[in-house]
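Undergrad: Need coordinates for the below:
(one chain, ligands or ions: 1)
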Amino acid sequence: MQRRHFLWTPPALALGAAVTSNSVMAAPSIVTGQTKILPRKGKGPRIVICGGGWGGMTAARYLRELIPDSDVVLLERNPTFWSGPMSNKWLVDIVNTDFVNRDMLHPANKYGYQLLQTEVTGFERDKKLVRTAHGLIEYDFLILSGGIRNDYEAWFGNDQRAIDYTRKHFPNAYIPNQEMLSLKSKVKNFKGGTLVMTLPPPPHRCPPSPYERACLIAWHIKKNKIPGKILILDPKPKIAPIGVGYKQAFEELYPDIITHVPNAGVKEVDPFNKQIKTAAGDFKFDDAILMPPHQAADMVWQADLIGKDAATGKPTGWADMHNRLFHAKTDDRVYFVGDLMGAISPQFGHYPKSGHVANYIGKIVAQNIAERVAGKEVIARLPDNLCYMMVNGEPQEEISVKFEYEVDANGQVNQTQIDMDVRTSDLVKEDFGWINSKFSDFLGT
Ligand SMILES: Cc1cc2nc3c(=O)[nH]c(=O)nc-3n(C[C@H](O)[C@H](O)[C@H](O)COP(=O)(O)OP(=O)(O)OC[C@H]3O[C@@H](n4cnc5c(N)ncnc54)[C@H](O)[C@@H]3O)c2cc1C
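TA: Residues are numbered from 1 along each chain as shown. This next block holds a predicted model:
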């Protein structure tokens, strides 16, 4: 346990006085970027959470429970919640849309936080203000939980035409937005030929999930006798995590459908002519799911809180944060939750960018803020991680991976990885038990 001492002092002035509207959910009738919206509720601290996904919704719930007089505001651009976990199964109709697409007002009402559907556009950290499409919102503490962005610029520079074309024609649906539906319709309408999947280099969102997606689309191809093949272009030298389990699934279940190409880091993409140059050779495709490198969501860049590589001075692409307490190194009023977080340890780099970890850190950050508000010592806590991956649709069979963490004598966080490579139907039951307990935790279902 590592302890540090922080205090929260209530604002001297009720800043809500400057707000121009008494309405909580609706914007004032005449809005400019400088309009302050959302009057403060009660005397407790105002905590604004940017991004209502796995991490942000968890933090919102636990902040309301741990700090009963807190004024918690959750800002989310989407009207409804889309889950990454289970979305591969949804692509091939193993679960239905209601399972992965959920109402957000229910948890907001149940746990008593304010939910505003808006776009976060920037920050004035010196004044503790969030800029949104609806106006300015004050905070005492800020949580950034906006997930990831697709770094198409790594492939296309500032060629916006190529970026837009790739998004439109070869969506990857790794961010909860309209791409989810586009990709599902692409899979349903796939008539055959070579479907290429590019995998991002690590660190990226949910490392085992692209292989799960390949397995489930291959299962769909096999079941429907579609004359199609899947080519996985993987920048890594081997499949990881759960490499043995995936390799067996590829070879035993989909030998004529899936080809895994290691060391195939992308060098150049020509989306118009459907060609890719990689370190392992050049490939043509009929259709594709193109995943560029991942980075922290735009909001971390807008807050000017991206880390810099110690050796090169270049942006790391991820939040610059205290590795045990999750606040920004340069601003302890700003916390990070979920996939946008920066590196944790020289041993393993980043915590796995998973819903499980985002949910865990959401709780830890809520506890840490509650400790500060109460004037108590802040306790540095560790998460764990667990991911279940379906590799066969009939019979339904899964493999899984577990990560455990501990702090060594030097204060370094170390990771132990346990792969469950043998595919079983028991793991499917565990998976549905896991997701239902998580949804119940932050969606209040
Ligand atoms: C195909 C797939 C399968 C996966 N499988 C698993 C699994 O089996 N197990 C597991 O644990 N994890 C899995 N994951 C990973 C999991 O989805 C993510 O790790 C998790 O969603 C991270 O939570 P988060 O809160 O950081 O981000 P998100 O859940 O993505 O939430 C971020 C939210 O912020 C919002 N946002 C971003 N920018 C703005 C802005 N400017 N203004 C307003 N709102 C904004 C977004 O709309 C989004 O709702 C999977 C992911 C995918 C894509």
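Undergrad: So what's the residue count around the closest residue to W82 other than its chain neighbours?
TA: Leaving out its chain neighbours, the residue that sits closest to W82 by CB to CB, 6 or more residues apart in numbering is P176, at 3.5 Å. C-beta coordinates here come from the backbone N, C-alpha and C atoms, glycine included. By other CB atoms under 10 Å, 22 other residues sit near P176.
Undergrad: P176: what's it in contact with?
TA: Going by CB atoms under 8 Å, 6 or more residues apart in numbering, P176 touches G53, N78, F81, W82, S83, G84, G147.
Undergrad: Could you find the closest non-adjacent residue to the fifth one?
TA: Okay, so that is S83. Nearest non-adjacent residue to S83 (CB to CB, 6+ apart): V100, at 4.6 Å.
Undergrad: Next, work out how far apart that neighbour and L91 are.
TA: With distances taken as CB to CB, to the nearest Å, V100 is found 10 Å from L91.
Undergrad: The one residue sitting closest to the centre of the chain: what's it in contact with?
TA: For the chain, the residue nearest the mean C-alpha position is G147 (3.9 Å; CA atoms, centre = their mean). G147 is in contact with G51, G53, G55, I175, P176, R205, A297, G338, D339, L340, counting by CB under 8 Å, 6+ apart.
Undergrad: at 10 Å instead, please
TA: Residues near G147 by CB atoms under 10 Å, 6 or more residues apart in numbering: 51, 53-56, 84, 174-176, 205, 294, 296-297, 299, 337-340, 353, 358.
Undergrad: do the same with T58
TA: Counting by CB under 10 Å, 6+ apart, T58 touches 49, 107, 145, 337-338, 355, 358-366, 438, 441-443.
Undergrad: Next one: the residue nearest to W82 from the ligand, what distance?
TA: Here the criterion is CB to the nearest ligand atom, to the nearest Å. By it, P176 lies 5 Å from the ligand.
Undergrad: what are the ranges of the strands in the stretch 1-150 of the chain?
TA: With DSSP state E, counting those that start in this stretch as the definition, the stretch 1-150 of the chain shows strands at residue ranges 2-5, 46-50, 71-76, 81-82, 101-102, 114-117, 120-124, 129-132, 135-138, 141-144, 148-150.
Undergrad: Report how many residues lie close to Q114.
TA: 18.
Undergrad: again but with K225, I slipped
TA: Using other CB under 10 Å, K225 has 8 other residues around it.
Undergrad: Name the spans of the chain whose pLDDT lies under the cut-off.
TA: Residue ranges of the chain with pLDDT under 70: 1-31.
Undergrad: Return only those of the contacts of T58 found close to the ligand.
TA: Residues of these in contact with the ligand (CB under 6 Å from any ligand atom): S145, G338, G355, A358.
Undergrad: ok, which pair from the residues you listed is furthest apart?
TA: S145 and G355 (11.9 Å; CB to CB).
Undergrad: between the two, which one's more packed in?
TA: Each of S145 and G355 had its neighbours counted (other CB under 10 Å), and the higher figure belongs to S145 (32 against 26).
Undergrad: so where do the strands sit in the stretch 301-445 of the chain?
TA: Counting by DSSP E, counting those that start in this stretch, the strands of the stretch 301-445 of the chain are 306-308, 315-319, 327-328, 331-336, 377-380, 385-393, 396-407, 413-424.
Undergrad: Residue numbers of the stretch 201-350 of the chain in contact with the ligand?
TA: Counting by CB under 6 Å from any ligand atom, the positions of the stretch 201-350 of the chain adjacent to the ligand are R205, C206, S209, R213, A297, D298, M299, G338, D339.
Undergrad: mind listing the helices in this structure by residue range?
TA: Here the chain has its helices, by DSSP state H, at 54-66, 87-91, 97-100, 105-111, 153-156, 160-169, 179-188, 209-223, 243-253, 298-302, 355-373, 426-443.
Undergrad: Between those, which one is closest to D419.
TA: It's helix 243-253; of those, that one is closest to D419 (CB to CB) at 6.5 Å.
Undergrad: what packs against that closest one?
TA: Taking 3 or more CB pairs under 10 Å, 6 or more residues apart in numbering; DSSP states H and E as contact, the helices and strands that helix 243-253 lies on are helix 209-223, strand 228-233, strand 258-261, strand 385-393, strand 396-407, strand 413-424.
Undergrad: Could I get these in JSON lines, plus columns for mean neighbour count?
TA: Converted to JSON lines, the helices and strands packed on helix 243-253 look like this (neighbours: other CB atoms under 10 Å):
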{"stretch": "helix 209-223", "mean neighbour count": "23"}
{"stretch": "strand 228-233", "mean neighbour count": "22"}
{"stretch": "strand 258-261", "mean neighbour count": "18"}
{"stretch": "strand 385-393", "mean neighbour count": "22"}
{"stretch": "strand 396-407", "mean neighbour count": "19"}
{"stretch": "strand 413-424", "mean neighbour count": "16"}
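Undergrad: show me the contacts for the closest residue to the ligand within the stretch 201-350 of the chain.
TA: The minimum distance from the stretch 201-350 of the chain to the ligand, using CB to the nearest ligand atom, falls at G338 (2.2 Å). Residues near G338 by CB under 10 Å, 6+ apart: 51, 53-56, 58-59, 143-148, 205, 296-297, 319, 351, 353-355, 357-362, 365.
Undergrad: thought the residue nearest to S83 was touching W82?
TA: Yes. Counting by CB atoms under 10 Å, V100 touches W82, with 6.2 Å between them.
Undergrad: list residues touching both of the two?
TA: W90, P176, M180.
Undergrad: anything in contact with each of S145 and G355?
TA: Shared contacts of S145 and G355, counting by CB under 10 Å, 6+ apart, come down to G53, W54, G55, T58, G338, D339.
Undergrad: Now for the residues you listed: which two are most distant?
TA: Pairwise over the shared contacts of S145 and G355, using CB to CB, the maximum falls at T58 and D339, 13.2 Å.
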